[in-house]
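Enquirer: Give me a model of this one.
(chains A and B)
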Amino acid sequence: MIMEAPAYDSDQVRDDPRLKELSRRVCLPFLLILICICTSRGSLYAQDFSGIVVHAYVSQGFLYSSTNNYLSMKSSDGSPQWTDAAFNISDSLSDNLRVGIQLHMYQLGEFGGSNVQVDWASGDYRFNDHFGIRAGKVKTVWGLFNDSQDIDAVFLWILLPQGSYSIDHKSFYLAHIGGDVYGAVSLGKRAGTLHYIAYGGQSTIDLNDGYIQTFAELGLQFTNSLGGKTYGADLQWEAPVRGLILGASGNWLAADGTAPAGTFHSPAYLVSSMYGKFSRGKVYLAGEYDRIPINATITIGPTVIPFVQDGRSWFAMGSYQLSKKLQLGSYYSHYVNKVADTTQPVNYSKDFVVSARYDFNAYFYAKVESHFLHGTALGYYADTNPNGLSPDSKMVATKIGFTF
Amino acid sequence: MRTARCLMLLLLVSLGSWSAARAQDVVLVANEGVKITEITNADLRAIFTGTKTRFSDGSHAVPVTLKGGPAHEVFLRNYVGEGPEGFRSQWRKVVFTGQGAMPKAFDSESALIDYVAATPGAVGYVSRTSPQDRVKILAAVK
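Expert: Take a look at the predicted model:
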């Protein structure tokens, strides 16, 4: 169940001192508990209390951009408004049954904020390696990274390719309340293994998500979150060549919502993805192609505003573990909105990225990343860019993080 | 001449590392109640990356690891195909997406042996020089 922010519009959410106080009251104890748990034990490895295992991570980012303000931050001045923390507890009740919950909070410019959310909370029963079921609030698997896109500690990258995994729209895609079936089937020694997962449930766009801000810019201020049914599947082939995985995903999503001034309606659309990765030793290579076609309408009184996008994106990335502590990598991410004039910067985004990650030890890390952005289709909002956008921008992002 | 010396030194260092890796060859150990006597590399990799939870005879497998050290690195490189950083990152993904629980990890080989000896289904690895009298040795096959 999602713990939603109170029903305020986005400006109120940002400015209301009561909410800021609530934010302090909720987030600070959350972080303090985390730090106490981390420091009160001799070992910082996963904390194990008689079978109950506790993990957590915290990260703090900083973003500086040469021109435009990115992701609702005042990044052209340099912005540290980028905090992420999660805390999970899980327990194996039997060989086949595991239960757990993860709480998550984040602040990304004007997004996220005071509300601590249930990231996932599920019971997982694995009958055997061919078939298991998982129910509750579960992460939605598609593409290479969708289910893990908010876990900074896992990646070399500070920002994943935004054409495929836009950080300001993640709440709708990240998880669903419902169930999964999953498993693996061996195809024999020479043919590898097939991993499958199929799911169905309900997805929600949080009130503090970028979609809500986009709707507000179009004149529709939501005071309740919106969402709809979702179902989909992911199929992965683990090739007999060690480290090689090829996969495809399909995720159908629908969304409906009612605001005081009007409605939003999106019939089910298919988010499709094809991907591959090769990981062996110090080398990691991956690529993905995604399509997100949205054909929705916003109705405000007698006015019907089409909300149509046909997002086509792909990326190619590679990294190398230079030493035990240092990892370097780069990726190129490409996005176009095919239903619009793709020669206009507002309809495309091309991002060349160079990243480095330094692990001080198994728990503390630091990252630095440069972005060379062309186009303004992704990550920009009118209220933080009142004087318009320059078609090109450069950015430097840094992060420090702690996890166990 | 200077270049030749450097190349010779590099060769010696490489040979030294290779010898050290061979000396640190690992042994697969399992609880004595585990019925299988050999395990395929593919199964071993699947069990230690969390995609498989059972041995080939259908019994439950409980993978355990060392927290670090040469035996840990040799095991990961030879059987899992990942470095310690990649392995840790892979498990973090599993843990933080709610898809599984990280294997128990031990500071020392003796602690790992104690746990494997006492835990039904446990499977792990130690260096060849560690005492293995209370556990079963598994053969890895291709």
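
Enquirer: For the closest residue in space to A:Ser166 that isn't next to it in sequence, give its distance to A:Phe372.
Expert: Closest residue in space to A:Ser166, ignoring its immediate chain neighbours: A:Leu378 at 5.8 Å, by CB to CB, 6 or more residues apart in numbering or on different chains. Quick note: C-beta positions are derived from backbone N, CA and C, even for glycine. Distance of A:Leu378 to A:Phe372, computed by CB to CB, to the nearest Å: 14 Å.

Enquirer: what's the answer for A:His195, then?
Expert: For A:His195 relative to A:Phe372 (CB to CB), the value is 35 Å.

Enquirer: Those two: which has the busier surroundings?
Expert: Legend: neighbour count by other CB atoms under 10 Å in any protein chain shown for A:His195 and A:Phe372, higher for A:His195 (18 against 15).

Enquirer: Quick check: next helix or strand after the helix or strand harbouring that one?
Expert: Counting by DSSP states H and E, the element that carries A:His195 is strand A:193-205. Sequence order places helix A:210-217 as the next helix or strand after strand A:193-205, per DSSP H and E.

Enquirer: Which strands and helices lie in contact with whichever helix or strand comes after that next one?
Expert: Using DSSP H and E, the helix or strand that follows helix A:210-217 in sequence is strand A:226-238. Identification of packing neighbours for strand A:226-238 by 3 or more CB pairs under 8 Å, 6 or more residues apart in numbering or on different chains; DSSP states H and E yields strand A:193-205, strand A:244-259, strand A:262-280.

Enquirer: swap the cut-off to 7 Å and go again
Expert: The contact analysis (3 or more CB pairs under 7 Å, 6 or more residues apart in numbering or on different chains; DSSP states H and E) places strand A:226-238 against strand A:193-205, strand A:244-259.

Enquirer: Can you name the residues of chain B that neighbour chain A?
Expert: Within chain B, the residues that sit near chain A (CB under 7 Å from any CB of the partner chain) are B:51-54, B:60, B:67, B:77, B:81, B:83, B:85-86, B:88-89, B:92-93, B:95-98, B:101-102, B:105.

Enquirer: quick revisit: so which elements touch the strand holding A:His195?
Expert: Using 3+ CB pairs under 7 Å, 6+ apart: strand A:193-205 touches helix A:170-174, strand A:175-186, strand A:226-238.

Enquirer: how big is the angle separating the second one from strand A:244-259?
Expert: Between the axis of strand A:175-186 and that of strand A:244-259 there is an angle of 160 degrees, by axes from the mean of the first three to the mean of the last three CA atoms, to 10 degrees.

Enquirer: Give me the contact status of strand A:175-186 with chain B.
Expert: Yes. Using CB under 7 Å from any CB, strand A:175-186 reaches chain B at A:Ala184.

Enquirer: Counting by contacts, list what that strand packs against.
Expert: strand A:131-139, strand A:193-205.

Enquirer: same check, this time on the shortest one
Expert: In terms of contacts (3+ CB pairs under 7 Å, 6+ apart), helix A:170-174 is packed against strand A:193-205.

Enquirer: now the strand it packs on and strand A:262-280, what's the angle there?
Expert: Using the same axes, to 10 degrees, strand A:193-205 lies at 150 degrees relative to strand A:262-280.

Enquirer: With just CA atoms, put strand A:193-205 into PDB.
Expert: Only the C-alpha atoms of strand A:193-205 are listed here, as PDB (Å, rounded to 0.1, in the frame of the first residue of the first chain):
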ATOM      1  CA  THR A 193      18.300 -21.400 -19.600                       C
ATOM      2  CA  LEU A 194      15.000 -19.500 -20.100                       C
ATOM      3  CA  HIS A 195      13.900 -17.200 -17.200                       C
ATOM      4  CA  TYR A 196      10.300 -16.000 -17.300                       C
ATOM      5  CA  ILE A 197       8.200 -13.700 -15.200                       C
ATOM      6  CA  ALA A 198       4.500 -12.700 -15.800                       C
ATOM      7  CA  TYR A 199       2.500 -10.300 -13.700                       C
ATOM      8  CA  GLY A 200      -0.700  -8.400 -13.300                       C
ATOM      9  CA  GLY A 201      -2.000  -5.700 -10.900                       C
ATOM     10  CA  GLN A 202      -2.400  -2.000 -10.400                       C
ATOM     11  CA  SER A 203       0.100   0.800 -11.100                       C
ATOM     12  CA  THR A 204      -0.100   4.300  -9.600                       C
ATOM     13  CA  ILE A 205       1.400   7.600 -10.600                       C
END
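
Enquirer: Show me where chain B has its helices.
Expert: B:2-23, B:41-48, B:70-75, B:84-96, B:109-118 (DSSP state H).

Enquirer: where among those is the average confidence lowest?
Expert: Across these, helix B:2-23 has the smallest mean pLDDT, namely a mean of 49.

Enquirer: returning to that earlier point: what residues sit buried inside the strand holding A:His195?
Expert: A:Thr193, A:His195, A:Tyr196, A:Ile197, A:Ala198, A:Tyr199, A:Gly201, A:Ser203, A:Thr204, A:Ile205 (16 or more other CB atoms under 10 Å in any protein chain shown).

Enquirer: Tell me the one of those residues nearest B:Lys35?
Expert: A:Thr193 (22.8 Å; CB to CB).

Enquirer: Now do the same contact list for the closest residue to that closest one other than its chain neighbours.
Expert: In this structure, A:Thr193 finds its nearest non-sequential neighbour in A:Glu238, 4.4 Å apart by CB to CB, 6+ apart. A:Glu238 sits next to A:Gly192, A:Thr193, A:His195, A:Ile245 when contact means CB atoms under 7 Å, 6 or more residues apart in numbering or on different chains.

Enquirer: Correct me if wrong: the first one contacts A:Pro240.
Expert: Yes. Counting by CB atoms under 7 Å, A:Gly192 touches A:Pro240, with 4.7 Å between them.

Enquirer: Of the two, which one has the most company?
Expert: Legend: neighbour count by other CB under 10 Å for A:Gly192 and A:Pro240, higher for A:Gly192 (20 against 14).

Enquirer: What confidence value was assigned to that one?
Expert: At A:Gly192, pLDDT is 92.

Enquirer: what's near enough to touch it?
Expert: So A:Gly192 contacts A:Trp237, A:Glu238, A:Ala239, A:Pro240 (CB under 7 Å, 6+ apart).

Enquirer: quick one: least confident of the residues you listed?
Expert: A:Pro240 (92).

Enquirer: What's the separation between that residue and A:Tyr275?
Expert: Looking at A:Pro240 against A:Tyr275, where the rule is CB to CB, the gap reads 19 Å.

Enquirer: buried residues in stretch A:222-229?
Expert: Result for stretch A:222-229 [16+ other CB under 10 Å]: buried residues A:Phe222, A:Ser225, A:Leu226, A:Gly227, A:Gly228, A:Lys229.

Enquirer: Counting neighbours, what do you get for B:Ile137?
Expert: Applying other CB under 10 Å, I find that B:Ile137 has 11 neighbouring residues.

Enquirer: pretty sure it contacts B:Val27?
Expert: Yes. Contact status for B:Ile137 versus B:Val27: in contact at 5.9 Å, counting by CB under 7 Å.

Enquirer: How about B:Asn31, nearest residue that isn't a chain neighbour?
Expert: Using CB to CB, 6+ apart, the nearest residue to B:Asn31 is B:Ala122, at 4.6 Å.

Enquirer: Show me what the one you found is bridged to.
Expert: Per DSSP bridges, residues listed as beta-bridge partners of B:Ala122: B:Val62.

Enquirer: pLDDT value on it, please?
Expert: 97.

Enquirer: tell me the contacts of it?
Expert: Contacts of B:Ala122 by CB under 7 Å, 6+ apart are B:Ala30, B:Asn31, B:Val62, B:Val64, B:Tyr115, B:Val116.
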